[in-house]
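# Structure for this input, please:
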Amino acid sequence: MTLLRTQLGNTLRGHRLRQRRTLRDVSGEARVSLGYLSEVERGQKEASSELLASICDALDVELADLLAEVSLEMRLADPAGRPVRPVALAHPGTREDDAAAAAGDEPAGQDTGAVEAPVAEPALALVGGGQAPRSAARARGAVSLAA
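Residues are numbered from 1 along each chain as shown. The predicted structure is shown next:
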């Protein structure tokens, strides 16, 4: 089993290296010591949500995108090969379509034959108050994770 901190570190390092940036550059912009950032990237330190948010800002990566990437990598690395559980439709329809589907009815006169692809349940998810702009969410300083 891959540890969350190990996968987070590997993913952060991958983003930094793809941008051809140094630890010194990212640590300075994120206001984190170079040594600590190095330990986070090597999976030796468990980063707080505030620290992850700061590093993500320095790398210009959304925290939610980082967590989704880590979640996917952890699922792919699962040695048990458990199937991914679908939890939602990739592109839900209108409110009327959703209500009709909940009631077991199809919208009148609309049989497209198209089936929406299920989305994998994330191993980690951000929970909270909606889609606030990135800077506003950081200003509040609140990030919650649910597993």
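
# make it CA atoms for all contacts and neighbour counts henceforth
Will do.

# So residue 45 sits against residue 4, correct?
No. Counting by C-alpha atoms under 8 Å, residue 45 stays clear of residue 4, with 10.6 Å between them.

# What is the three-state secondary structure of residue 50?
Secondary structure assignment for residue 50 (DSSP: H, G, I helix; E, B strand; the rest coil): helix.

# Ok, the one 3 residues further on next?
Secondary structure state of residue 53, per three-state DSSP, is helix.

# what's the burial count for the nearest residue to residue 55 once chain neighbours are set aside?
Computed as C-alpha to C-alpha, 6 or more residues apart in numbering, the closest residue to residue 55 that is not its neighbour in sequence is residue 30, at 5.2 Å. As a burial measure, residue 30 scores 20 neighbours (other C-alpha atoms under 10 Å).

# repeat for residue 20
Count around residue 20 with other C-alpha under 10 Å applied: 9.

# does it sit in a helix, a strand or a coil?
Going by three-state DSSP: residue 20 is coil.

# Ok, residue 61 next?
Under three-state DSSP, residue 61 comes out as coil.

# what residues are up against the closest residue to residue 40 other than its chain neighbours?
Distances taken as C-alpha to C-alpha, 6+ apart place residue 9 nearest to residue 40, at 5.4 Å, with adjacent residues excluded. Going by C-alpha atoms under 8 Å, 6 or more residues apart in numbering, residue 9 touches 40-43.

# next one: residue 30
Counted by C-alpha under 8 Å, 6+ apart, residue 30 has contacts 54-55, 57-58.

# Of those residues, which is the nearest to residue 65?
residue 57 (11.9 Å; C-alpha to C-alpha).

# Now that closest one. Nearest residue, chain neighbours left out?
Per C-alpha to C-alpha, 6+ apart, closest to residue 57 is residue 30, 7.1 Å.

# do the same with residue 16
Nearest one to residue 16, counting by C-alpha to C-alpha, 6+ apart, is residue 59 at 6.7 Å.

# That neighbour reaches residue 28, doesn't it?
No. In this structure, residue 59 is not within contact of residue 28 by C-alpha under 8 Å, at 11.3 Å.

# So which of the two has more stuff around it?
A direct count of neighbours by other C-alpha under 10 Å for residue 59 and residue 28 places residue 59 higher, at 19 against 14.

# Just the buried positions in the helix or strand containing residue 14, please.
Assigned by DSSP states H and E, residue 14 belongs to helix 4-18. For helix 4-18, burial by neighbour count (16 or more other C-alpha atoms under 10 Å) applies to 5-13, 15-16.
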